[in-house]
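> coords please:
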Amino acid sequence: MKIYTTVLLGMVLTTKAWSCDVCGCAGMMMGFGDLSLYPQNKIGVSYLSRTFYSALGNSDHFTQIEINGRYVISPRWSLKASIPYLLGVKQGLENGSFTISGIGDAQAKASYIAYYGGNESSNRKLTFSGGIFLPTGKFEDHSDRMLPQNFQLGSASWDYLLEGQYQLGEGNWVGMLQAQYVINTLNP
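Residues are numbered from 1 along each chain as shown. The predicted model follows:
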């Protein structure tokens, strides 16, 4: 039980240490991982909303609605895909507000369950994934509008994803520790 408490405290206490609300770089990009402990095929819809406020009176609001799915190939291997619809609003700019909306970069990845153990009341799962972001989202040069380049629907490049995920289930509770690394390639 000590290990479970330590992992849970580590997840809660490090969130703010790694978060950054200065420029909203993550605002138009990623959501949560797959929280399911069950190896089933699925199709789902997820919704994420984030708002950042600055001391200068500016605010950024990002909304993401995503259609996602998982296909289980074997007990340890699965394929996952998602297509996000994004809405971004920057308010408090000198020339008013600016809004972008549309389809973002689609994602496809393969996942491998390296470890799965436990019983009905307590289980653990360690998963590694690799994938690709397809350049399906629109990319525009916003330098003439004094907007940051990360305020985009897509990256206009083929980007790669590496992911590790640890899930711990205790009774009716599930905790997840996830690390993602995106290898960005150059825009055309």
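> Do me a favour and get the end-to-end distance for stretch 180-188?
Length of stretch 180-188, first residue to last, Cα to Cα, to the nearest Å: 24 Å.
> quick check: mean pLDDT across it?
Summarised as a single mean, pLDDT over stretch 180-188 is 86.
> again, but for stretch 89-102
Average pLDDT, stretch 89-102: 80.
> I'd like the numbering to begin with 807 instead of 1 from here.
Fine by me, first position is 807 from now on; the one you just mentioned is stretch 895-908.
> how distant is it from the center of its chain?
Averaged C-alpha coordinates place stretch 895-908 at 23 Å from its chain's average position (Cα atoms, centre = their mean, to the nearest Å).
> And for stretch 882-900?
Distance of stretch 882-900 from the chain centroid (Cα atoms, centre = their mean) equals 8 Å.
> in it, what's buried?
For stretch 882-900, a neighbour-count test (16 or more other Cβ atoms under 10 Å) marks 884, 886-890, 892-896 as buried. The way it works is simple: take the backbone N, C-alpha and C, and place the C-beta from them, glycine included.
> can you redo those residues as JSON lines with secondary structure and distance to residue 936?
Conversion of the buried residues of stretch 882-900 to JSON lines gives the following (DSSP: H, G, I helix; E, B strand; the rest coil; distance: Cβ to Cβ, whole Å):
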{"residue": "884", "secondary structure": "strand", "distance to residue 936": "12"}
{"residue": "886", "secondary structure": "strand", "distance to residue 936": "11"}
{"residue": "887", "secondary structure": "strand", "distance to residue 936": "14"}
{"residue": "888", "secondary structure": "strand", "distance to residue 936": "15"}
{"residue": "889", "secondary structure": "strand", "distance to residue 936": "19"}
{"residue": "890", "secondary structure": "strand", "distance to residue 936": "19"}
{"residue": "892", "secondary structure": "strand", "distance to residue 936": "24"}
{"residue": "893", "secondary structure": "strand", "distance to residue 936": "29"}
{"residue": "894", "secondary structure": "strand", "distance to residue 936": "28"}
{"residue": "895", "secondary structure": "strand", "distance to residue 936": "33"}
{"residue": "896", "secondary structure": "strand", "distance to residue 936": "33"}
